[in-house]
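[1] next come a sequence and a model predicted from it.
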Amino acid sequence: VGFARTDARSGRVSTARGVAVGADENGVSLSISNAVATPLGAIGTTFNISIGPDGVSASRGTALSVGGRERGVEVGGATDSRGARPAQAISRGFTRGGGVVRATSEARDDIRPRRVVVLRRVGR
């Protein structure tokens, strides 16, 4: 069971967003990405997480483009808690005619669930 939705709008301020949620017998996955471009710059973020019986995998990224005549960003990612593929995050940007791009991404697919043991003292 799941759904995915995307929306993009162009204009003086352009926006794009995507959300995907899925759940089955193997766990739950969530992916959220957003981007905004203005005459001064563009910024995008992504966050992705999967929680399943084999653990948790997550990825995130950001991209910022400023300056120049043109600028843009692209962000997105993927995760899988069953180890079929590692977590991935894409964050990149561009400028034309000068400018600066700063992009970061981080992905972890080795997060294991913690086992909590509760000890209860009975009597003396």
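    Looks like it came in fine.

[2] okay, and the beta partners of the residue nearest to Arg5 when sequence neighbours are not counted?
    Leaving aside its sequence neighbours, Arg5 sits nearest to Val19 (C-beta to C-beta, 6 or more residues apart in numbering; 5.3 Å). Just so you know, the C-beta spots here come from the backbone N, C-alpha and C atoms, and that holds for glycine as well. Note on Val19: beta-bridge partners Arg5, Ile32, judged by DSSP bridges.

[3] now do Gly41
    When assigned by DSSP bridges, Gly41 has beta-bridge partners Val66.

[4] what's it in contact with, if anything?
    If a contact means C-beta atoms under 8 Å, 6 or more residues apart in numbering, then Gly41 has 64-67, 71 as its contacts.

[5] got it, and Ala23?
    1-2, 29.

[6] what's the spacing between the spatially most central residue of the chain and Val73?
    Centroid-nearest residue in the chain: Phe47, 2.2 Å away (criterion: C-alpha atoms, centre = their mean). Between Phe47 and Val73 the computed distance is 15 Å (C-beta to C-beta, to the nearest Å).
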